[in-house]
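**Q** can't give you the sequence, but here's the structure:
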């Protein structure tokens, strides 16, 4: 999906704090991301011919680009929305120790040993 960058951020929204906690935990447990941040947001969007507003939780997952397809698929399969937001954004730079940590927490060896 995004192989031109080594690191990415994947964001999605869910309908409540419990759903956010559950999905974030599953993503990190499966080592599909090293970290998932969650924060409350208010979303306004067009849906089925009308304008809607809803309180949601935004999840922001930091991971390697090589895991983009797996993470997007996992979110889609785990999500309660009919059309979930799943957006992949490249990370074009950052702290080397932090990016190294992402690699360590999502590397294939650790994923297969759990």
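**A** Good, I have the coordinates. Only a predicted model underlies this, so the values are computations on that prediction, with no experimental measurement involved. Numbers count the residues shown, from 1 in each chain.

**Q** Now do the strands in the protein.
**A** Listed in chain order, the strands of the chain (DSSP state E) span 7-14, 35-47, 50-64, 87-91.

**Q** and of these, who's closest to residue 28?
**A** Taking CB to CB, strand 35-47 is the member of those nearest to residue 28, at 5.8 Å. No exception for glycine: its C-beta is placed from N, CA and C like everyone else's.

**Q** What pairs with that closest one, parallel or antiparallel?
**A** Sheet pairing for strand 35-47, assigned by DSSP bridges, gives strand 50-64 (antiparallel).

**Q** Would you mind listing the buried residues in the strand it pairs with?
**A** Neighbour-count burial for strand 50-64, counted by 16 or more other CB atoms under 10 Å, picks out 56, 57, 58, 59, 60, 61, 62, 63, 64.

**Q** And for stretch 70-84?
**A** Result for stretch 70-84 [16+ other CB under 10 Å]: buried residues 71, 72, 74, 75, 79.

**Q** distance of the residue of the chain most remote from its centre from residue 15?
**A** Relative to the mean C-alpha coordinate of the chain, counting by CA atoms, centre = their mean, the farthest residue is residue 49 (27.8 Å). Look at residue 49 and residue 15: by CB to CB, to the nearest Å, they are 20 Å apart.

**Q** quick one: least confident helix or strand in the protein?
**A** Of the helices and strands making up the chain, the lowest-confidence element is helix 108-112, at a mean of 70, by mean pLDDT, DSSP states H and E.
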